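**Student:** Quick one: sequence plus predicted model below, questions after.
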Amino acid sequence: MPLPPCSFLNSIPLKPISPSSSLSAMNGCCGPQCDGAAHIQAVIFDLDGTLLDTEKVTKNVLKEFLEKYGKVIDREQEDTRLGISQLEAAIAVIKEYDLPLTPRQFIDEISPIYKERWPTAKPLPGVNRLMKHLQKHGVPFALASNSKKENVDAKISYHQGWKENFVAVLGSDQVKSGKPSPDLFLEAAKRMGVDAAHCLVIEDSLVGVRAANAAGMKVVAVPSQSEADYASIADSVLHSLLEFQPELWDLPPFEDWVDSALPIEPIYASGLFSNGFLCEAEDDESCTFPSQVWGLYFGWAKLNMDGIFKVLVGVGRGHCTCTAKRKIKPWIIDDSDGHIADQHMQLSLVGFIRGLNKETLMDLEEVEEEKSIASASLDLPMFLHHTRAPLFP
């Protein structure tokens with residue numbers, strides 16, 4: 001089925017909307033304003049799971065490693081170790097699975113496997129946008145990771161301009177104690193010449209949020225899992241950095257929204273489209289969205305039998321909020337008959353409309369306004385050009 005002509009942008013009234021507010025609003029707090037917004041002068045980022053989706057590309061490394069020793073990975077247990085240092089993780093894994101290794105032997109055996117995957121780790125949604133924005137407005141930013149400095153340098157070396165743009169790049173081996181100690185963040189602030197009270201930390205792990213609290217800094221949590229553990233100790237909780245609003249922190253606002261749509265770097269996934277939902281191929285990490293993809297997006301859908309379509313995509317919870325399990329619901333904009341089902345679908349998301357707070361996908365009974373925004377935006381050259389290139393890299 002061919003795409004419709006690109007002609008009707010001006011015929012559809014677009015109602016401007018602001019970027020999504022933080023999830024902390026769910027808990028009776030609007031974010032930093034609750035206790036008086038600090039005048040933020042600098043930003044400190046964590047690396048793994050905050051800037052880079054290293055967890056996605058290395059997800060099966062420990063699983064495959066443990067299988068060599070006849071052990072079965074406990075995913076829930078491993079999720080509790082996010083953000084801790086390499087040595088702490090090694091000690092915990094050896095004890096948990098009763099491995100016949102010393103911590104040093106474990107690290108020496110598994111580290112080369114992890115390093116092989118680092119070049120394929122991609123920036124998480126909104127990361128490059130925020131860093132370019134801070135640089136444009138002269139806001140200094142640093143990197144403070146619980147990884148060793150040599151590993152931090154190796155990971156960021158695959159991303160053009162990253163190393164040069166950080167005022168400071170720190171690893172846990174450069175301070176007395178890693179997170180949850182405040183040492184890393186305090187050293188980063190010192191190197192930027194900014195008082196800790198005027199620094200904003202962006203973190204994905206509970207360990208990192210606690211470290212920021214201990215340093216006396218404001219902190220935005222962008223967790224890869226349920227936000228429940230973060231809400232009480234982070235100043236703001238977001239699903240992704242696409243929801244970040246600099247003006248809430250006395251920083252210059254973004255100016256890149258096109259009416260009600262935000263252009264984003266393409267995000268890809270594929271799987272079986274059935275019963276109105278996309279079932280991601282979870283055994284193939286290259287076919288799944290990053291865990292921080294959450295909200296209403298739009299882009300292009302390629303179907304085996306029907307060609308390429310405009311699509312609105314909701315990513316969030318299904319029937320209830322009692323589970324963090326993510327669902328993906330594509331609405332085919334060009335399929336007036338609703339006949340598309342039970343076939344392989346490839347998705348390329350190129351725009352963001354808004355986040356989802358308490359809403360489940362079942363609450364989104366009417367999405368005609370969002371479909372209009374998506375359809376009109378996809379007629380613009382900045383979105384249309386993705387149809388002329390391969391949908392997948």
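**Tutor:** On my side now, so go ahead.
**Student:** okay, and for the stretch 201-350 of the chain, where does confidence drop off?
**Tutor:** For the stretch 201-350 of the chain, the stretches with pLDDT under 70 are 225-228, 281-286, 318-324, 335-339.
**Student:** if we go to 90?
**Tutor:** 224-232, 274-276, 279-288, 291, 302-309, 316-327, 334-344 (pLDDT under 90).
**Student:** quick one, strands of it?
**Tutor:** Secondary structure of the stretch 201-350 of the chain by DSSP state E, counting those that start in this stretch: the strands cover 218-221, 236-237, 262-274, 277-280, 295-303, 307-316, 327-332, 343-354.
**Student:** Just give me the longest helix of the protein.
**Tutor:** Ranked by number of residues, the top helix in the chain under DSSP state H is helix 103-117.
**Student:** Could I get the buried residue list for it?
**Tutor:** Using 16 or more other CB atoms under 10 Å as the test for burial, helix 103-117 gives 103, 106, 107, 110, 114, 117. For the C-beta atoms, the positions are set from N, CA and C on the backbone; glycine is no exception.
**Student:** For the nearest residue to residue 267 once chain neighbours are set aside, name its beta-bridge partners.
**Tutor:** Counting by CB to CB, 6 or more residues apart in numbering, residue 349 is the residue found nearest to residue 267 once chain neighbours are left out, at 4.4 Å. Using DSSP bridges, the beta-bridge partners of residue 349 come out as residue 267, residue 299.
**Student:** likewise residue 141?
**Tutor:** Assigned bridge partners for residue 141, using DSSP bridges, are residue 43.
**Student:** Next up, the contacts around residue 297.
**Tutor:** 264, 267, 312, 313, 314, 315, 349, 351, 352, 353 (CB atoms under 8 Å, 6 or more residues apart in numbering).
**Student:** For these, which two are the farthest from each other?
**Tutor:** Greatest spatial distance in the contacts of residue 297: 264 and 314, 15.5 Å, computed using CB to CB.
**Student:** which residues touch residue 91?
**Tutor:** residue 103.
**Student:** quick one: buried residues of the one helix or strand it maps to?
**Tutor:** If you go by DSSP states H and E, residue 91 is part of helix 86-97. Across helix 86-97, burial judged by 16+ other CB under 10 Å covers 86, 87, 88, 89, 90, 92, 93, 94, 97.
**Student:** Repeat that for stretch 151-169.
**Tutor:** In stretch 151-169, the ones that count as buried by 16+ other CB under 10 Å are 151, 152, 155, 156, 159, 162, 165, 166, 168, 169.
**Student:** In contact with residue 165, which residues?
**Tutor:** The neighbours of residue 165, taking CB under 8 Å, 6+ apart as the test, are 131, 135, 141.
**Student:** tally of neighbours for the second one?
**Tutor:** Applying other CB atoms under 10 Å, we find 14 residues neighbouring residue 135.
**Student:** which non-adjacent residue is nearest it?
**Tutor:** residue 165 (5.6 Å).
**Student:** distance of that neighbour from residue 268?
**Tutor:** Distance, residue 165 to residue 268, by CB to CB, to the nearest Å: 26 Å.
**Student:** Then residue 375?
**Tutor:** Distance from residue 375 to residue 268, by CB to CB: 21 Å.
**Student:** With residue 102 instead?
**Tutor:** 40 Å.
**Student:** out of those two, which sits in the busier spot?
**Tutor:** Ranked by neighbour count (other CB under 10 Å), residue 102 and residue 268 place residue 268 first, with 18 against 12.
**Student:** correct me, but that one touches residue 350?
**Tutor:** No - using CB atoms under 8 Å, residue 268 makes no contact with residue 350, being 10.4 Å away.
**Student:** Could you name every residue contacting both of the two?
**Tutor:** Joint contacts of residue 268 and residue 350 (CB under 8 Å, 6+ apart) do not exist.
**Student:** on that earlier part again, pull out the buried members of the contacts of residue 297.
**Tutor:** 264, 267, 312, 313, 314, 315, 349, 351, 352, 353.
**Student:** Distance to residue 67 added to the residues you listed, as JSON lines?
**Tutor:** Listed next are these as JSON lines, based on distance: CB to CB, whole Å:
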{"residue": "264", "distance to residue 67": "37"}
{"residue": "267", "distance to residue 67": "30"}
{"residue": "312", "distance to residue 67": "40"}
{"residue": "313", "distance to residue 67": "35"}
{"residue": "314", "distance to residue 67": "36"}
{"residue": "315", "distance to residue 67": "31"}
{"residue": "349", "distance to residue 67": "34"}
{"residue": "351", "distance to residue 67": "40"}
{"residue": "352", "distance to residue 67": "38"}
{"residue": "353", "distance to residue 67": "42"}
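**Student:** Wait, residue 370 touches residue 356, no?
**Tutor:** No - the criterion here is CB under 8 Å, and residue 370 misses it with residue 356 at 11.4 Å.
**Student:** who touches both of those two?
**Tutor:** Residues touching both residue 370 and residue 356 (CB under 8 Å, 6+ apart) are residue 296.
**Student:** Looking at the buried residues of stretch 151-169, spot the one nearest residue 236.
**Tutor:** Distances from residue 236 to the buried residues of stretch 151-169, taken by CB to CB, are shortest for residue 166, at 22.3 Å.
**Student:** Identify the residues contacting the closest one.
**Tutor:** Each residue near residue 166 by CB under 8 Å, 6+ apart is listed here: 141, 142, 143, 156.
**Student:** Need the buried residues of helix 103-117 in JSON lines (columns: distance to residue 64 and pLDDT).
**Tutor:** Putting the buried residues of helix 103-117 into JSON lines (distance: CB to CB, whole Å; pLDDT from 0 to 100) gives the following:
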{"residue": "103", "distance to residue 64": "20", "pLDDT": "93"}
{"residue": "106", "distance to residue 64": "14", "pLDDT": "93"}
{"residue": "107", "distance to residue 64": "16", "pLDDT": "92"}
{"residue": "110", "distance to residue 64": "10", "pLDDT": "91"}
{"residue": "114", "distance to residue 64": "11", "pLDDT": "88"}
{"residue": "117", "distance to residue 64": "11", "pLDDT": "90"}
